[in-house]
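In: take a look and give me a structure for this.
(chains A and B)
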Amino acid sequence: MAMHLDIVTPEKKVFSGFVDNVYLPGADGEMGILPQHAGLVSALQAGELRYLHNGEVGTLAVGSGFAEITQEKVVVLTDMALGEEEIDEEETEKALERAKEKLHDQEHDLDAEEVANLQALIAKQMAALSFKRKRRH
Amino acid sequence: MANLRDIRRRIKSVKNTAQITRAMQLVAAAKMKKAQDQALAGREYSAHLNQMLADIQQNFGDESHPLLEKREGSRELVLVISTDKGLCGPLNTNLAKALVAQASPDAHYVTVGRKLRAVCEKLGRKVLADFNVKDPVPFFQTRPIAKLLTKEFLDGNYDKVTLVYTKFVNTLRQEPVVTALLPIQEIEGDIEAESEAAAHGMSTEEKIKDAFRDYTFEPSPAAVLEALLPLYINYQVYQAHVEARASEHSARMVAMKAATDNAKKFIKELTLEYNKLRQGAITAELLEITTAMKAME
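Out: Residues are numbered from 1 along each chain as shown, chains lettered A, B, ... in the order given. Now for the predicted structure:
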């Protein structure tokens, strides 16, 4: 028994195929999804996504987004989905630094939405970094 | 009859034009590839997002959201996405025609791209704001536009918001479309879902069951909707821009190719004309010489 998993970002379809399970970074904590799961729509936070495809575990660092789960299908919509080799640690660190700085310096000038966006960006990059570091050790 | 020097001059000028249009064609072709890829890549996400929202809406009988609220009035705000530069065939003209035909005359406008802003001004329509969007389209630049539209709608200044842009079909075809953005309509589970269901070998019965499945929401239905709807709007606006850009570059590429081809044809015709004239001149000269010789004998 397998279910179909689609991981889609605005740039491309990152993964599409049948998997045996998938672990998602849900808004309320990590959740494991097996086939025949009840219908569920969940917000996702930035973190790590794992799935079992043909007996092999695939992992991706994902940004915040949404997942729609039905009995035979899981669709993950996110603004980022990167494999380990796609993450440039230095670049990410720099971007993280920049975002933090901007948030720190201009917190009073930005409106709530921009602050939220920046925070999402920071969370995303932190997720990517911790994902990369975890793999290395 | 034109004389030789005139024709020579014309050939030269047409050749120059052909060179320029050819260069523009190559530039447009390069940009077209990128823009088309961007538009096509975005469609997948957009389709899934639509599907997700459609599924959720079926589960929301009573729960309402200000962005879903339908209003009686007819005050309309229209976002028009056109191009900054011309030389892209009938693209902007078609868009302007669609705009005039479908949008109500007393609507107010938000424009992207110089070409249709000029049209709006000429028609005496009120332009509320004008945005500049870089090429290729960055997501963060379309967000303020979506924000403005949402704000105007939520503040009650307008009862509906409409999108007017050119949808990219293929390199040779681009269609002007007028779609409603706000309030968010009943979204149909689109065609893609049907074909996908068919591909997975589901029977009709299963499909019906599939369409009425119940969902749980995490963290809560309101929270999911609260986050999903703005994303949906942002994304619709972004996708419209990307489509418009892909259309622009495709149309320009095709227009410039046609221009280059025409110029080449013209050069060929002119060269033929030129050679005929030259030959005529030589024949006439020879004739004169021989007659002169004959007369001297």
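
In: quick one, grab the pLDDT at the closest residue to A:Leu40 other than its chain neighbours.
Out: Once flanking residues are discounted, A:Leu40 sits nearest to A:Ile69: 4.3 Å by CB to CB, 6 or more residues apart in numbering or on different chains. C-beta here means a position set from N, CA and C on the backbone, and glycine is covered the same way. With respect to pLDDT, A:Ile69 has a value of 90.

In: in the chain, which spans are helices?
Out: Using chain A here. With DSSP state H as the criterion, chain A has helices at A:89-105, A:112-136.

In: wrong chain, I was asking about chain B
Out: Under the criterion DSSP H, helices of chain B are mapped to B:4-58, B:91-102, B:114-122, B:139-154, B:191-199, B:204-211, B:221-296.

In: got the residues of chain A near chain B?
Out: When proximity is defined as CB under 8 Å from any CB of the partner chain, chain A approaches chain B at A:4, A:6, A:8-13, A:26-28, A:38-43, A:66, A:68, A:70-72, A:75, A:77, A:113.

In: where does chain A have low pLDDT?
Out: Within chain A, the stretches with pLDDT under 70 are A:113, A:136-137.

In: re the thing from before, show the buried residues in the residues of chain A next to chain B.
Out: Buried subset of the residues of chain A next to chain B (neighbour count, 16 or more other CB atoms under 10 Å in any protein chain shown): A:4, A:6, A:8-11, A:26-27, A:39-43, A:66, A:68, A:70, A:72, A:75, A:77.

In: residues contacting A:Ala61?
Out: The contact partners of A:Ala61, by CB atoms under 8 Å, 6 or more residues apart in numbering or on different chains, come to A:46-49, A:80-84, A:87, A:127-128, A:131-132.

In: in strands only, show me those residues.
Out: A:47-49, A:81-82 (DSSP state E).

In: save those as TSV, and put in distance to B:Asp155 too.
Out: As requested, the ones in strands among the contacts of A:Ala61 are exported to TSV (distance: CB to CB, whole Å):
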residue	distance to B:Asp155
A:Gly47	36
A:Glu48	40
A:Leu49	38
A:Ala81	36
A:Leu82	38
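
In: which of those lies closest to B:Val137?
Out: Nearest to B:Val137 among the ones in strands among the contacts of A:Ala61: A:Ala81, at 20.4 Å, using CB to CB.

In: from B:Val119, how far off is the closest residue to the closest one other than its chain neighbours?
Out: Leaving aside its sequence neighbours, A:Ala81 sits nearest to A:Val14 (CB to CB, 6+ apart; 4.3 Å). According to CB to CB, to the nearest Å, A:Val14 and B:Val119 sit 40 Å apart.

In: so which bits of the stretch 51-200 of chain B are right by chain A?
Out: So the stretch 51-200 of chain B meets chain A at B:51-52, B:55-56, B:139, B:147, B:200 (CB under 8 Å from any CB).

In: export these to TSV and tack on neighbour count?
Out: Shown next, in TSV, are these (neighbours: other CB atoms under 10 Å in any protein chain shown):
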residue	neighbour count
B:Gln51	20
B:Met52	21
B:Asp55	22
B:Ile56	21
B:Phe139	16
B:Lys147	17
B:His200	13
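
In: need the residues you listed in a markdown table with pLDDT, can you?
Out: Formatted as a markdown table, those follow (pLDDT from 0 to 100):
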| residue | pLDDT |
| --- | --- |
| B:Gln51 | 81 |
| B:Met52 | 81 |
| B:Asp55 | 76 |
| B:Ile56 | 76 |
| B:Phe139 | 79 |
| B:Lys147 | 87 |
| B:His200 | 48 |
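
In: find the residue at the geometric middle of chain A.
Out: The centroid of chain A falls nearest to A:Val62 when counting by CA atoms, centre = their mean (1.7 Å).

In: thought A:Leu44 was touching it, still the case?
Out: Yes. When contacts are counted by CB atoms under 8 Å, A:Val62 is listed as touching A:Leu44 (6.7 Å).

In: how does the chain divide into domains?
Out: I went with chain A, as the question did not name one. Per automatic domain parsing, the domain ranges recorded for chain A read A:3-82, A:87-136.

In: nope, chain B please
Out: Per automatic domain parsing, the structural domains of chain B span B:4-20+B:260-296, B:22-254.

In: now these as a markdown table including distance to A:Ala95?
Out: Below are those laid out as a markdown table (distance: least, CB to CB, whole Å):
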| stretch | distance to A:Ala95 |
| --- | --- |
| domain B:4-20+B:260-296 | 41 |
| domain B:22-254 | 14 |
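
In: okay, these, which one's buried deepest?
Out: Of all the domains of chain B, domain B:22-254 has the most neighbours on average by mean count of other CB atoms under 10 Å in any protein chain shown, namely a mean of 17.

In: distance from it to the middle of the chain?
Out: Relative to its chain's centre, domain B:22-254 lies at 11 Å (CA atoms, centre = their mean, to the nearest Å).

In: kindly check the end-to-end length of it for me.
Out: One end of domain B:22-254 to the other measures 11 Å (CA to CA, to the nearest Å).

In: swap in stretch B:86-97?
Out: Rule used - CA to CA; the end-to-end distance of stretch B:86-97 is 16 Å.

In: what residues are up against B:Arg10?
Out: B:Leu270.

In: if I look at it, how far off is chain A?
Out: To chain A, B:Arg10 is 49 Å away according to CB to the nearest CB, to the nearest Å.
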